[in-house]
Structure formats: structure tokens, C-alpha cells
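Chemist: Sequence and computational prediction follow.
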Amino acid sequence: MSEITAALVKELREKSGAGMMDCKKALTENHGDMEAAIDWLRTKGLAAAAKKSGRVAAEGLVALATAGTTGAVIELNSETDFVARNPEFQAFAGSIASAALEQAGDFSATELALLDQGKSVKEAVTEMVGTIGENLTFRRSAGVRVKSGVVSSYVHSATAPNMGKIGVLVGLESNGDTDKLNEFGKQLAMHIAAANPQWLSQDDVEPAVIAREREVLGEQARESGKPEDIVQKMVDGRMRKYFEEVCLLSQTFVIDGESKVDKVIQAAGNEAGGDITVAGFVRFHIGEGIEKEDADFAAEVAATAGG
């Protein structure tokens, strides 16, 4: 029997796309024979991950987990929305969200976290590819934590409890009434889902982003032919509008359609009996930033027939 070395296991993992422990078991079962080990993995449905990994996975679920002053959100991608409605896939997404909660949302730590079956999240994703039959990707995770107060959540287009197409966490630092904080936190999370702020306040916007925006707006304003001092006033006005669009505290609260969010937070603090500070927020929208392939099936068939 050949010695099952770490290098041999690594080679099989690279060839098959299966998890490390599965590769070691396959080599052990087949006395170190690489080709036989690959066939063994294929019969178990574990080597399917390698072939499927090249396909675009832009559907799936955003899943949330919260516990008092801590919350975590993850994105688990699949190729089709159909799989996202699979109860097994949903349960799997929920287990990863729970693991992320224990790791304060840290992605690298969550990938290595062990699930109930004793496999790491990373290994379990590879195994699930063979079970589900589609390419799956644990794409990202994040967390929100407060010292005192609540972490509230909201899921838009929910397909199961605590998971759907858009997931939001928002941390409210406060010594106010917990029930009232949770009630307001849910409303604020709904606002974040709808308005999609990029930053908490104007102070948080990166200087390079502001400089680039001012430059673009300046060029647009100069096309009016007005003097430079007027152009700068036009730019200042448009920058105020820009901040109102991208900064949470400057946005108009979608729930009432007229109040500014910072004023709404102040009023909520008075109602809860303690000042409220937004400690942070996270908004995940499934598939955002992933370039999807627009497959023309008829053209593909025609090209194949022509070739």
C-alpha cells in the first residue's frame, strides 16, 4: 500500500475539487491509487465540484443569524433560483449563518468553522455541490456587534425564515428599552434594504470618492458656461444631494417619506428612553457585483450544429 502523503491528498483535491478529508479517505480506500480514488469520489458524487466550479453562481440566498447584541449575515450562491428554494440548501445556508455568528461574521474564520457533521464550512460547500448538482459558492459574510443595545435584522423577499434575496443587519447602541429598540431597529433595517445607503454619514465617505464625484459634477456644471465661482456653488449643491442619497443619516426615511433619518433616530431614542447611536450596518443583496452570463440557448445550439 502506498503511503498517503499530504502532497498526494493535495494533488487529488486539486484534480477533483473534493474536500481534504474526502480525498484522504478516497486514497486510503484505494491504496493510494490516484485514478481509482478519483473514480471513488465520482461514485460518491464528490468529484462533481471540480467540473461545476466554472459555472456562474449568482442566485442563492442571503441568510441572517442574530443573538442579542451580535448578528451575522452570509451569502451562499447557487446557479439557479430553483435551488435556493430547496429545503436542504436553505438548511445549509442557515447552518453557515449560525457558524458565522459564532465567528462574529469573519469570513476566513467562518470558512474554517466546523459544522455539526464535523466538516468545515469550506469542505461542506464542496460536498453539497455533489448533492445539489449545481456550482455553489460561499461568497462572503459580515457581522455587526454592539456593547449595549440591539442588533436588528430584516429580510426582503424571504423564501424561508431569516433568509431571502436581501438581508440587512443594523446595530443600535443604546441603554433604552430593548423592545422599543427592536421595533425601531426593524424599521431602520427595512429603510436600509430599500434605500441602500453606502455609508453611515458624510464623515465616513472616502476622500477619493468625494474628489472623484466633485470632479465629475464640476465638468458637468462647466458645460453650462457659467463663471467658475458659480460652477463651484453648483457643485456644492449637487454634492449635498449626493450625500443625501448615499449616507444613511442624511437620507429621507422611507417609512414616512419626509423625515431625515438622523432626526428619526433622535426621536426613537426619546421614545426608548435612551440616546441611540447607529454602531454599524450591513446590507447584502444576492448576486450583487457578480457578472451574470446571458446565455442564448438557440445561438449555442446553432453554433454547435454548425461546428
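Modeler: Arrived safely, thanks for sending.

Chemist: can you give me the helices in the chain?
Modeler: 6-16, 20-29, 34-43, 48-52, 81-84, 87-102, 107-112, 121-132, 178-195, 207-222, 228-246, 261-272, 297-306 (DSSP state H).

Chemist: a markdown table please, covering these and showing distance to residue 163 and mean pLDDT.
Modeler: In short, each C-beta sits where N, CA and C put it, glycine included. Converted to a markdown table, the helices of the chain look like this (distance: least, Cβ to Cβ, whole Å; pLDDT from 0 to 100):
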| stretch | distance to residue 163 | mean pLDDT |
| --- | --- | --- |
| helix 6-16 | 30 | 81 |
| helix 20-29 | 27 | 87 |
| helix 34-43 | 30 | 80 |
| helix 48-52 | 22 | 50 |
| helix 81-84 | 9 | 89 |
| helix 87-102 | 6 | 96 |
| helix 107-112 | 16 | 96 |
| helix 121-132 | 16 | 89 |
| helix 178-195 | 14 | 96 |
| helix 207-222 | 31 | 88 |
| helix 228-246 | 27 | 92 |
| helix 261-272 | 26 | 97 |
| helix 297-306 | 30 | 44 |
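
Chemist: Of all the ones you listed, which one is nearest residue 64?
Modeler: With Cβ to Cβ, the closest approach to residue 64 among those belongs to helix 87-102: 6.0 Å.

Chemist: Domain-wise, how is the chain divided?
Modeler: With domains defined by automatic domain parsing, the chain comprises 6-52, 59-202+247-285, 206-245.

Chemist: got those domains as a markdown table, with mean neighbour count columns?
Modeler: Conversion of the domains of the chain to a markdown table gives the following (neighbours: other Cβ atoms under 10 Å):
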| stretch | mean neighbour count |
| --- | --- |
| domain 6-52 | 18 |
| domain 59-202+247-285 | 19 |
| domain 206-245 | 13 |
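
Chemist: OK, contacts around residue 64?
Modeler: Shown in contact with residue 64 (Cβ atoms under 8 Å, 6 or more residues apart in numbering): 71, 72, 73, 97, 153, 155, 162, 163, 167, 169.
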